[in-house]
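S.K.: Pasting the sequence and the predicted coordinates here, then a few questions.
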Amino acid sequence: MSDNSSPDRGDIHSRVTVVERDLNRLSETMSREFADVRKDGEGRHLDLKGMIQGLAATQAERAKVPWQAIGVVVGILVGAGGLLYTPVKERQSEMQEQIHDRVTRNEFLTTLTSIGARRDDAQRTMEGRVGRVEQDVDHLTNAVVPRGELETHWADQRDRDSAFQRELDALVRPQLPYQPTRH
């Protein structure tokens, strides 16, 4: 019996040695591959970080307010406004003096009466507009969905989404060689 078991042990021993060597090679290969993937990910991370910093610097440069240009424009506008306002003011003063000299008391009372009538018409028009606006506001208030009802709807949707995710995880998990963790 011992004669038969010796060759089997040597054969098993050589098989175990081959399997151990293959496992060691596989482990080394996987370690190198993971290191390469990690280096590639870090390189991409640094590239993206540099791009984002470049965009931030560009955006910061664009966001600066051109105060000097604004100051020049304001100065020009003030100067032009002063030049234009002076003749207008003089003409307005002249016109007021002419009007003051020509308006009689009777004309003044007629004007006030017509203004009062126009004011009453304007007030009736505004009251009608206010009434229509109030009706529109009431209509919109009745059309708005209460917040509590929306919260209930959103909570139900979140429950359906999480149930669907659990079903999906249960289907996918047995097919994966490793088990992902959910945060």
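M.R.: Nice, I can see it. Note that the coordinates shown come from a computational prediction; the quantities given were computed from them, not determined experimentally. Numbering: from 1, shown residues only.
S.K.: drop to CA atoms for contacts and neighbour counts, all remaining ones
M.R.: OK.
S.K.: how's this protein carved up into domains?
M.R.: Taking automatic domain parsing as the reference, the chain has its domains at 1-38, 104-144, 147-176.
S.K.: So which of those is nearest residue 95?
M.R.: domain 104-144 (16.0 Å; C-alpha to C-alpha).
S.K.: pLDDT averaged over the closest one - what is it?
M.R.: Averaged across domain 104-144, pLDDT comes to 78.
S.K.: likewise stretch 33-49?
M.R.: On average, stretch 33-49 scores 86.
S.K.: one step back: include mean neighbour count when you put the domains of the chain into CSV, please.
M.R.: Rendered in CSV, the data for the domains of the chain read as follows (neighbours: other C-alpha atoms under 10 Å):
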stretch, mean neighbour count
domain 1-38, 11
domain 104-144, 11
domain 147-176, 11
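S.K.: Ok, which of those domains comes nearest residue 49?
M.R.: domain 1-38 (16.2 Å).
S.K.: Following element in sequence after the host helix or strand of residue 37, please.
M.R.: Using DSSP states H and E, residue 37 maps to helix 2-63. Once helix 2-63 ends, the next helix or strand along the chain (criterion: DSSP H and E) is helix 67-102.
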